Structure formats: C-alpha cells, structure tokens
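Trainee: with the sequence up front, the predicted model follows.
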Amino acid sequence: MADKITLLQEQLGKIIKGKKQITDKMLMAVLAKGHILLEDVPGVGKTTTALALSRLMGMDFNRIQFTPDVVPSDVTGFTMYDKASGQFLYRPGAVMCNMLLADEINRTSSKTQSALLEVMEEGRVTVDQEAHPVPQPFVVIATENPVGSLGTQLLPESQLDRFMVSLSMGYPDHDSLVELLRDRQKENPLEHTAPVLTREELLSLQEQVQKVYVSDAVLDYAVSLAEATRADELITLGLSPRGTLALMRMAKAHAFMEKRDYVVPKDVQAVFADVAGHRMVLDTKARYEDKGPRQILEQILLQVPVPRVDG
C-alpha cells in the first residue's frame, strides 16, 4: 500500500506541476476522511486537482457549479411521484457520489450551502424524513474565490467548521509553468489518467490511518494548541473540539504519509495552520496589527511548549 501512495503522489505531480506540498495535504485529508476547502483565484488548477484525485483513486465524481439559482434539492436530491408504482421515489442529487466538487461554493445562497451540512458531517441526506446514506468513501472538495470577488459572500462559521483543511494552490513558479505549457502542447495528461487505487483499497488505507498511534503527550500538546487559540487576545473564536479532532486526524494522516505508525509533535505542527486557519475569527486588533490567521497560528506554535516524544 505504501508503494501505491508513492505512485499516487508521482501521478499527481505529472498533472499538477510544482504543488506537491498542497497535493500531499489534499491526499492526507482524503486519508483522514476529511473535506477540503480550496480558496484561490480562478485558473490555478483547483478543479483539475479534484478531478485528478478522483480518477487516481477510482472514485465516482460529481461536480456542481454553485450559482445563485442552485437550490438545496439540486444538492441533496428530491422525491417524485411515480405513476406506475403509485409511490414517491427518491431521485439522487449531486452528493450521491464518492467525490463531490462544489465549485465556487461562496457564490450560492446560504440555504443551498446549508444543504451540505448534514451530509458532510454524517454521511447522509434526509429528504422528506427519509435518510439516504452517501457511498463510501465520500469527500467534498469545495472551491471558493476570494471574498470581495464579484458575487461572493462569506461562508458561515458552521459551514467552514465542516472542512478539515483550507488550502490555497497559488500560482506556479516560473519553471513549473513552463513545464505545464510544454506538457499540454499536444494533449492533457489528465485524459490518460488511470486509477492507482480502488475504492476498497482507499477504504482500507483510511482504516490504517485511523489506527495510527497517538501518545498522551501528543494529545496533550494538541489540546494545549487549541486552548492557546482560545486564549489569544487577537482571536475572538478559537479552535473548537471538532477542530481539535480534525487536527489529530490530519496529524495521523501526516504520520502515515511519512511511513510511521505513530504521531510525533512535528506531525501536528505540519498541519496546524491548515486545520485551524479557516476556523479562526480574528479580533479587530489583528486587523490593526495587519496580522492574518496563519501569522498568529505560527506565533502560537512558537509559544506552546513542545513535548519530547521518543521516536
């Protein structure tokens, strides 16, 4: 299985140039059974990355473009009367897949965004008082344009908290962009992407990640980091218990990607800003001091004592 993870990384690197750190963290989130928020300007490869991941992992893929006229039933599905059977039958919505790409999620209404809350947390949708589980594995990758772009609005804190990590692709460097242009002169590498994993193998990997060992010292360290976010004078809303659980799941996935079956503090540190950054609500003092969430979280990492863990 470790060889397949390496092959997966290599194949992703052929499609997404110069973004190994970001694509690795997306892999970690999938292995940790988490959802991913990609915030960036258009055209940097967010959609391509999601499509590449789904193909390499053998996952059924659906995409929904969130516009103001999208309604909740487009996401969850609906029931319709069937004349032949005389019954109301469920018609699946976009979420009935293994990987859902929610494109430009911050362009639609709050009511439609909220349709994702139940399925992201519980892996099911309820339509007309009947629950419908989504296929497993299930991952939501949502993209959003920076707030302030035409037609965008802030996602509510309850929605943001459902995403395990928030990442930004950013522009590729000069050499990576030249390589990307060279590779796409005749064809798109994505068109020839073949699965590296089956869905059953992915589910097995997710179970292995869940079994990665975490010592009490590392658990205490994660809680101390969470408490530090809540005590910081520049942060109004710190890391919640759900956020702290997400931090540990991502730390396990990071350790697994590093070919270890136990978590060390550097695993927690490596994913801390990605897990906590989008969950922070900053005080007005932070704006006066021109500090963003990641700057404050980096400072917290320097302040909280790091436990010594053998290994």
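Mentor: Now that the structure is in, tell me what you want to look at.
Trainee: quick one: residue 101 is in a helix?
Mentor: No. Assessed by DSSP: H, G, I helix; E, B strand; the rest coil, residue 101 does not belong to a helix; its assignment is strand.
Trainee: what about the strands in the stretch 101-250 of the chain?
Mentor: Using DSSP state E, counting those that start in this stretch, the strands of the stretch 101-250 of the chain run over 124-127, 130-133, 139-144, 165-167, 235-237.
Trainee: so which of the ones you listed is the most surrounded?
Mentor: When those are scored by mean count of other C-beta atoms under 10 Å, the highest mean neighbour count falls to strand 139-144 (a mean of 25). Every C-beta, even on glycine, is put in place using the N, C-alpha and C of the backbone.
Trainee: got the contact list for that strand?
Mentor: 26, 29-30, 33-40, 46-47, 50, 53, 59, 98-106, 116, 119-120, 152, 155, 163 (C-beta atoms under 8 Å, 6 or more residues apart in numbering).
Trainee: of the residues you listed, buried ones?
Mentor: Neighbour counting by 16 or more other C-beta atoms under 10 Å classes 26, 29-30, 33-40, 46-47, 50, 53, 59, 98-106, 116, 119-120, 155, 163 among the contacts of strand 139-144 as buried.
Trainee: residue ranges for the helices of the stretch 51-200 of the chain, please.
Mentor: Along the stretch 51-200 of the chain, counting by DSSP state H, counting those that start in this stretch, helices occupy 72-76, 110-122, 157-160, 174-183, 199-210.
Trainee: nope, the stretch 201-311 of the chain is what I meant
Mentor: For the stretch 201-311 of the chain, helices defined by DSSP H, counting those that start in this stretch occupy the ranges 216-231, 241-257, 265-276, 284-288, 293-303.
Trainee: any chance of JSON lines for those, columns distance to residue 174?
Mentor: Formatted as JSON lines, the helices of the stretch 201-311 of the chain follow (distance: least, C-beta to C-beta, whole Å):
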{"stretch": "helix 216-231", "distance to residue 174": "36"}
{"stretch": "helix 241-257", "distance to residue 174": "28"}
{"stretch": "helix 265-276", "distance to residue 174": "26"}
{"stretch": "helix 284-288", "distance to residue 174": "33"}
{"stretch": "helix 293-303", "distance to residue 174": "24"}
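Trainee: who wins for proximity to residue 8 among the ones you listed?
Mentor: helix 241-257 (10.4 Å; C-beta to C-beta).
Trainee: for that closest one, the distance to its chain's centre please.
Mentor: 12 Å (C-alpha atoms, centre = their mean, to the nearest Å).
Trainee: who does the residue nearest in space to the middle of the chain bridge with?
Mentor: Closest residue to the average C-alpha location of the chain: residue 36 at 1.3 Å, with C-alpha atoms, centre = their mean. Bridge pairing for residue 36 (DSSP bridges) gives the partners residue 141, residue 165.
Trainee: how about residue 98, nearest residue that isn't a chain neighbour?
Mentor: In this structure, residue 98 finds its nearest non-sequential neighbour in residue 59, 3.5 Å apart by C-beta to C-beta, 6 or more residues apart in numbering.
Trainee: pretty sure the one you found is touching residue 137, no?
Mentor: Yes. In this structure, residue 59 is within contact of residue 137 by C-beta atoms under 8 Å, at 6.9 Å.
Trainee: residue 18: which of the strands of the stretch 101-250 of the chain is closest?
Mentor: For residue 18, the closest of those is strand 165-167, at 14.6 Å, according to C-beta to C-beta.
Trainee: now the closest one: how far from the chain's centre is it?
Mentor: Distance of strand 165-167 from its chain centroid, counting by C-alpha atoms, centre = their mean, is 6 Å.
Trainee: does anything pack onto that strand? Which helices or strands?
Mentor: Applying 3 or more C-beta pairs under 8 Å, 6 or more residues apart in numbering; DSSP states H and E, one finds that strand 165-167 makes contact with helix 20-31, strand 36-39, helix 265-276.
Trainee: again, only using 6 Å
Mentor: Applying 3 or more C-beta pairs under 6 Å, 6 or more residues apart in numbering; DSSP states H and E, one finds that strand 165-167 contacts helix 20-31, strand 36-39.
Trainee: looking at these, which is nearest to residue 282?
Mentor: Taking the helices and strands packed on strand 165-167 one by one with C-beta to C-beta, strand 36-39 is closest: 15.9 Å.
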